[in-house]
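Novice: coordinates only, sequence not included:
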Ligand code: VG1
Ligand code: CO
């Protein structure tokens, strides 16, 4: 088989963001747009020759076409083997596990996560390294540099590989193994959790709904929750991955999973509700009459992880992204373990996990995970919750309330202003940064400002730094407002405002979150002039 070398010209906008390269499908469909990025990636991975590459995606529109392109280019670029999920399916945490389990060189995950799919929707390409985690910035920076100089790419002339059945194929001398996307992942979950106890809970009448949102977790949740754990058929809904997610928005929050929320707040609510996102790394947890914020969920999972067999010996430490609430910090303090605050994005947790310094990580954006893989893991969080419920024999609401009366409650909310004018958003951030010294001096609205900075992170493991990761304004009573621009949007800019206030253990834990934060929300608007600068009356999404 002869390798073709095809001339190409660079694009100037292939800089990976918080989680890979994410653009509109139509943008990816430009001539050689995919090929340029994949070749730049392979060019930036010394030592890949003869090695194994894992490929899979969340099943969104364009997944199938890009998988075939990537297989041909992997063969032409000298990889020894490709492992690809059946039907092109691999969840992000599933891919992370496959890379680790089979000691692959790395993996390509095709997903734009919670962004909508379909011909007019979004697409994305992520690269994970041999530890199973998202490529660190030194790799993504190198890839971006390469994309700006690329002049040719390599491919081979072959027909498409049949991904519908398990087995090994050959493409230009390279083996392509089509694997069951679920089996190895399900086996891993079984080593971490007490499946017998969870199954017994279902057998005794515990009711749950898992909404897979027509995204990648459907097959996983069916096999594990209804299969191995014996939950009644119909427990998992919207279980078939569709290229356009059934026209929905596979973002498990209170806006896009409203039906699930309404069910759990309604008269016939099951005991437990959960959902995951497009690529299966996020989770939404709702008990009967009790929504659990992701920041609280992180703290609760960390505080109760020892109840699951995989964490019975305790956890080494916790890491959270900077905008995530400090609820987990209180758990770490009580357990006497390390606590780390990192920039947004899972890639910053990898070194801490690899070094064994933390066991559980989480982000306010509904991502939690542990050292079992190097990605956040939606189904893992759901199973850990189920294990805790089975062990404690209490409701979600009781467990959450007990947590607050032990540690206090961090009232927390994120306000997103989506698709605002990028120039205005950048100006807003620049002006805020410029005001920081004055805020530190003079306070804000009569409050003492104890912290006003643009977050920068020094990785304690490899000494790398990341700067300009979000403007933080902290007050003497522990409340905090954080501003940052999203690195995953595909149109304009998305401004995220994170607001947090601590209520001590003996305080009032039953207030409405937006009410409890109302004064800080007003302060956020006045200090950044959000409404005036974005021309918006209010946020697009409140979580
Ligand atoms: C968002 C979240 C961040 C998460 C990232 C990828 O990034 O805030 O916490 O790691 O999405 O998640 P940003 O830059 O838009 O704020 V996923 O499930 O979209 O891969
Ligand atoms: Co995701």
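Specialist: Thanks, I have it. In this text, all values refer to a predicted model and were calculated from it rather than measured experimentally. Ligands and ions are numbered 1, 2, ... in the order given.
Novice: Look through the protein and tell me its longest helix.
Specialist: The longest helix of the chain (DSSP state H) is helix 422-442.
Novice: can you pull the buried residues of that one?
Specialist: If you call a residue buried by 16 or more other CB atoms under 10 Å, then helix 422-442 has these buried ones: 424-425, 428-429, 432, 435-436, 439-440. Every residue, glycine included, has its C-beta placed from N, CA and C.
Novice: ok, now stretch 145-157?
Specialist: So stretch 145-157, judged by 16+ other CB under 10 Å, has buried residues 146-147, 150, 153-156.
Novice: wait, residue 315 sits on residue 361?
Specialist: No - using CB atoms under 8 Å, residue 315 is not in contact with residue 361, being 10.5 Å away.
Novice: okay, the two: which has more neighbours?
Specialist: The neighbour comparison of residue 315 against residue 361 (other CB atoms under 10 Å) goes to residue 361, with 30 against 21.
Novice: Pull the contacting residues for that one.
Specialist: With CB atoms under 8 Å, 6 or more residues apart in numbering as the criterion, the residues that contact residue 361 are 318-320, 346, 349, 352-353, 368-370, 376.
Novice: how about a cut-off of 6 Å?
Specialist: Residue 361 makes contacts with 319, 349, 369, as judged by CB atoms under 6 Å, 6 or more residues apart in numbering.
Novice: With pLDDT, distance to ligand 2 and neighbour count added, can I get the residues you listed in CSV?
Specialist: Supplementary listing: those in CSV, determined by pLDDT from 0 to 100; distance: CB to the ion, whole Å; neighbours: other CB atoms under 10 Å:
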residue, pLDDT, distance to ligand 2, neighbour count
319, 98, 18, 25
349, 97, 14, 27
369, 98, 11, 29
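Novice: Now secondary structure too, for those residues, in CSV please.
Specialist: CSV is the format used below for the contacts of residue 361 (DSSP: H, G, I helix; E, B strand; the rest coil):
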residue, secondary structure
319, strand
349, coil
369, strand
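Novice: nearest to ligand 1, of these?
Specialist: The shortest gap between ligand 1 and any of the contacts of residue 361 belongs to residue 349, at 9.7 Å (CB to the nearest ligand atom).
Novice: what's across from the nearest residue to that closest one once chain neighbours are set aside in the sheet?
Specialist: The shortest distance from residue 349 to any non-neighbouring residue, by CB to CB, 6 or more residues apart in numbering, is to residue 361 (4.3 Å). With DSSP bridges as the criterion, residue 361 is bridged to residue 319, residue 369.
Novice: Which strands and helices lie in contact with the helix or strand harbouring residue 259?
Specialist: Residue 259 is part of helix 258-265 when elements are defined by DSSP states H and E. Of the remaining helices and strands, those touching helix 258-265 by 3 or more CB pairs under 6 Å, 6 or more residues apart in numbering; DSSP states H and E are strand 272-276.
Novice: angle of the strand it packs on against helix 258-265?
Specialist: 170 degrees (axes from the mean of the first three to the mean of the last three CA atoms, to 10 degrees).
Novice: what's in contact with strand 272-276?
Specialist: When contacts are taken as CB under 6 Å, 6+ apart, the neighbours of strand 272-276 outside the stretch itself are 208-211, 217, 252, 257, 260, 264, 282-287, 378, 382.
Novice: If we use 7 Å, what do you get?
Specialist: In this structure, residues lying in contact with strand 272-276 by CB atoms under 7 Å, 6 or more residues apart in numbering are 208-213, 215, 217, 252, 257, 260, 263-264, 282-287, 378-379, 382, 389, 396.
Novice: and that strand with ligand 2, contact?
Specialist: No - for a cut-off given as CB under 5 Å from the ion, strand 272-276 has no contacts with ligand 2; the smallest distance is 8.3 Å.
Novice: Report the distance from that strand to the chain centre.
Specialist: Here strand 272-276 shows a centroid-to-chain-centroid distance of 16 Å under the convention CA atoms, centre = their mean, to the nearest Å.
Novice: what are the pairing partners of it, and which direction each?
Specialist: As defined by DSSP bridges, the strand partners of strand 272-276 come to strand 208-211 (parallel), strand 283-287 (antiparallel).
Novice: At which residues are the helices of the stretch 401-543 of the chain located?
Specialist: Ranges of helices in the stretch 401-543 of the chain, per DSSP state H, counting those that start in this stretch, are 422-442, 513-516, 518-528, 530-534.
Novice: buried residues in stretch 159-178?
Specialist: Within stretch 159-178, the residues that count as buried by 16+ other CB under 10 Å are 161, 163, 169, 171-172, 174, 176, 178.
Novice: same question but for stretch 355-369, I mixed them up
Specialist: So for stretch 355-369, counting by 16+ other CB under 10 Å, buried means 357-369.
Novice: what do you get for stretch 397-411?
Specialist: Within stretch 397-411, the residues that qualify as buried are 399-401, 403-404, 407-411, counting by 16+ other CB under 10 Å.
Novice: Mind checking which of these land in strands?
Specialist: With DSSP state E as the criterion, strands contain 409-411 from among the buried residues of stretch 397-411.
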